[in-house]
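A.B. asks: Sharing a model that was predicted from the sequence below.
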Amino acid sequence: MSNRPTLVVANRKMHGNLPENQHFMQTLLQHTARHLARYAVCPPHPYLFQAQQLLQQSHIAWGAQNMSRYERGAYTGSVSPSMLREFGCTYVIIGHSERRQRGHDNDETCGERFEAALKAGLTPILCIGETLDEYEQGETDVVVSRQLNPVISHVGIQALSQGVIAYEPVWAIGTGKAASPQHVQAILSFVRGHIALLNPKVSEDITLLYGGSVQSHNAAQLLSLPDVDGSLVGGASLQVEEFLRITDIANAVAA
Ligand code: PGA
């Protein structure tokens, strides 16, 4: 057993509205009041103020799904790190594959975003993971190293532990087909080992999540893997009852 806390993050993607978010957050608040596991909710940007209103001074954190790597300027449609801080965000998701695939992010800009998040006092959740093709070619190790290295060169190995890394195989996201526990453990153990070569303490301390079709029927197996410290949950966070079942499992693992 590690001393790392268990963290479950709801990535609500482009879903929700004011009444539905309110129901989700209030139900989650009540249900997890005595839990040992930690939780965060990442709604779309316009709802961060609502998250702040409902979750402030509670045990649940909130965060954004993306942010600009710049602090200010002529970047129409973008949101800066300090704006997220102003709305009380603790976390920001960086480099989700749904943004990488549409050309909004690459390994280099993820390094810049990770650095900008830390500078603003946010905890970046860096998403890494291979495509189906890369998985089938057995290239996962190469891909995740390629995605991690620019971040390490931007912030340095010491600062990496102030962030969170989420391993999310692209082929497992939103497909209902989670990666096997063997694959998840092998890759996260590889990631921890890769970090340990540079700094063993950072590799011990850093929070590593798995994401990709985590649901209540597979959460117990995935969350109890030795190198998995929690999960980034997309689809299963859209139904509050299903998400609560995952929180109960996370809490049992954390205890
Ligand atoms: P999923 O999404 O749980 O729906 O697979 C996870 C994610 O995209 O973070």
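C.D. replies: Sure, I can see it.
A.B. asks: burial count for the residue in the chain positioned nearest to the ligand?
C.D. replies: Nearest to the ligand, among the residues of the chain, is residue 234, at 2.2 Å (Cβ to the nearest ligand atom). Backbone N, C-alpha and C define where each C-beta goes, glycine included. Neighbour count of residue 234, defined by other Cβ atoms under 10 Å: 23.
A.B. asks: Could you do residue 210 as well?
C.D. replies: 30.
A.B. asks: Now it: which helix or strand?
C.D. replies: Using DSSP states H and E, residue 210 falls within strand 207-211.
A.B. asks: model confidence over that strand, on average?
C.D. replies: The pLDDT scores in strand 207-211 average 98.
A.B. asks: Strands of this protein, start to end?
C.D. replies: In the chain, strands defined by DSSP state E lie at 7-11, 38-42, 60-64, 91-94, 123-128, 164-167, 207-211, 230-233, listed in chain order.
A.B. asks: In terms of secondary structure, what does the second one contact?
C.D. replies: When you say that, I think you mean strand 38-42. When contacts are defined as 3 or more Cβ pairs under 8 Å, 6 or more residues apart in numbering; DSSP states H and E, strand 38-42 packs onto strand 7-11, helix 18-31, strand 60-64, strand 91-94.
A.B. asks: partners of that strand in the sheet?
C.D. replies: Paired strands of strand 38-42, with direction, are strand 7-11 (parallel), strand 60-64 (parallel) (DSSP bridges).
A.B. asks: now the last one
C.D. replies: Strands adjacent to strand 230-233 in the sheet, as given by DSSP bridges, are strand 7-11 (parallel), strand 207-211 (parallel).
A.B. asks: Pipe the ones you listed into TSV and attach distance to residue 57 per row.
C.D. replies: As requested, these are exported to TSV (distance: least, Cβ to Cβ, whole Å):
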stretch	distance to residue 57
strand 7-11	19
strand 207-211	23
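A.B. asks: now those in a markdown table, with distance to the ligand?
C.D. replies: A markdown table is the format used below for the strands paired with strand 230-233 (distance: least, Cβ to the nearest ligand atom, whole Å):
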| stretch | distance to the ligand |
| --- | --- |
| strand 7-11 | 4 |
| strand 207-211 | 4 |
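A.B. asks: Test for you: state the pLDDT assigned to residue 178.
C.D. replies: We have a pLDDT of 98 for residue 178.
A.B. asks: Give the closest residue to it in space, chain neighbours not counted.
C.D. replies: In this structure, residue 178 finds its nearest non-sequential neighbour in residue 213, 4.1 Å apart by Cβ to Cβ, 6 or more residues apart in numbering.
A.B. asks: My guess is the one you found contacts residue 235. True?
C.D. replies: Yes: counting by Cβ atoms under 8 Å, a contact exists between residue 213 and residue 235, whose distance comes to 7.2 Å.
A.B. asks: joint contacts of the two?
C.D. replies: Residues touching both residue 213 and residue 235 (Cβ atoms under 8 Å, 6 or more residues apart in numbering) are residue 174.
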